[in-house]
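Visitor: Make a model of this:
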Amino acid sequence: MKTISWPRFKDELIAFTSTRNDGFSNAPYNSLNLAFHVGDDKNNVSKNREKLFKEVGFTKDSTVIVKQSHSDINLEATFIDGGRGYDDFDSGLPADALFTTKKGLALGIYHADCVPVFIYVPHLKIAGIIHAGESGSLASISAKMITDIKAKYKVSGEQIFAFIGPSLKFGHRRISKNWALQILAKHPELNYAIKAVDPEYFLDLPFLNFMNLIEQGIPSKNIDIYEDCTYENADDFFSYVRDKTTGRLMSFIKIL
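Guide: Numbers count the residues shown, from 1 in each chain. Below you'll find the model as predicted:
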């Protein structure tokens, strides 16, 4: 089963994004849709999850999945939360980002075009995963997780590493001129994330999250970026912008 992994810490982490291949779901969710909340047959989603978990060696009780809502909420997860979100969407932890210090606990988010951001602090074995959609990114969800980890565990930006996974590149995230001006009126500091090619405007979410990390003191050399676009690679990735009714990928991180 093909996945997109973060290679830098392959001996310390399982950190990957699923692809859409080798599952049981029918069109338009074909085939490895991992989300219960997008209209797919629940039995097929359950079979897809079972197949993926068997492939990567995860178990239900050692996995925590979010009940995400395009918020800027991040929570620390422990084994008490194990199993949350596995059998249905609503039982997940109500957040769009999770982090943990617990070895063997897998954390999962959903996405199809939104930005998955993986976080790791090697010397303290802290791992996190962020679903950075448009609303969360504009609310600085990546920066907020880093701020919380730095404050609680007394780490510096130089000690933190990140991976920005498969997502929609800015050339496919068109926004209206009116929305662009509203964003800039509220967040003038985000002018770098608005690209204008008259008469169109675009929002660069991967770069916005990259800058969130940089502004928190994480050196660029500590940040890895997956370059392929979810919209442009229909063979491997679901894309909401491209297909509207579609499945969801999942990204997971687990400390070994």
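Visitor: per-residue confidence averaged over the longest helix along the chain?
Guide: Secondary structure of the chain read by DSSP state H shows that its longest helix is helix 42-56. Mean pLDDT, helix 42-56: 98.
Visitor: which residues sit against that helix?
Guide: The contact list for helix 42-56, computed with CB atoms under 8 Å, 6 or more residues apart in numbering, reads 1, 3, 14, 16, 18, 22-26, 29, 31-36, 58-60, 63, 86-88, 250, 252. Quick note: C-beta positions are derived from backbone N, CA and C, even for glycine.
Visitor: again, 7 Å this time
Guide: 1, 14, 18, 23-25, 32-36, 59 (CB atoms under 7 Å, 6 or more residues apart in numbering).
Visitor: how about the CA coordinates for that helix, as CSV?
Guide: Extracted in CSV, the C-alpha atoms of helix 42-56 (Å, rounded to 0.1, in the frame of the first residue of the first chain):
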residue,chain,number,x,y,z
LYS,A,42,-19.6,3.1,6.5
ASN,A,43,-18.8,-0.6,6.0
ASN,A,44,-16.3,0.3,3.2
VAL,A,45,-14.7,2.9,5.3
SER,A,46,-14.3,0.5,8.1
LYS,A,47,-12.7,-2.1,5.8
ASN,A,48,-10.4,0.6,4.5
ARG,A,49,-9.2,1.5,7.9
GLU,A,50,-8.8,-2.1,8.9
LYS,A,51,-6.6,-2.7,5.9
LEU,A,52,-4.5,0.4,6.4
PHE,A,53,-4.0,-0.3,10.1
LYS,A,54,-3.0,-3.9,9.4
GLU,A,55,-0.5,-2.6,6.8
VAL,A,56,1.2,-0.1,9.1
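Visitor: And that helix, what's buried?
Guide: For helix 42-56, a neighbour-count test (16 or more other CB atoms under 10 Å) marks 44-46, 48-49, 51-53 as buried.
Visitor: Neighbours of residue 241, how many?
Guide: 14 (other CB atoms under 10 Å).
Visitor: quick one, phi/psi of the closest residue to residue 132 other than its chain neighbours?
Guide: Leaving aside its sequence neighbours, residue 132 sits nearest to residue 115 (CB to CB, 6 or more residues apart in numbering; 4.1 Å). Main-chain torsions, residue 115, degrees, to the nearest 10: phi -100, psi 120.
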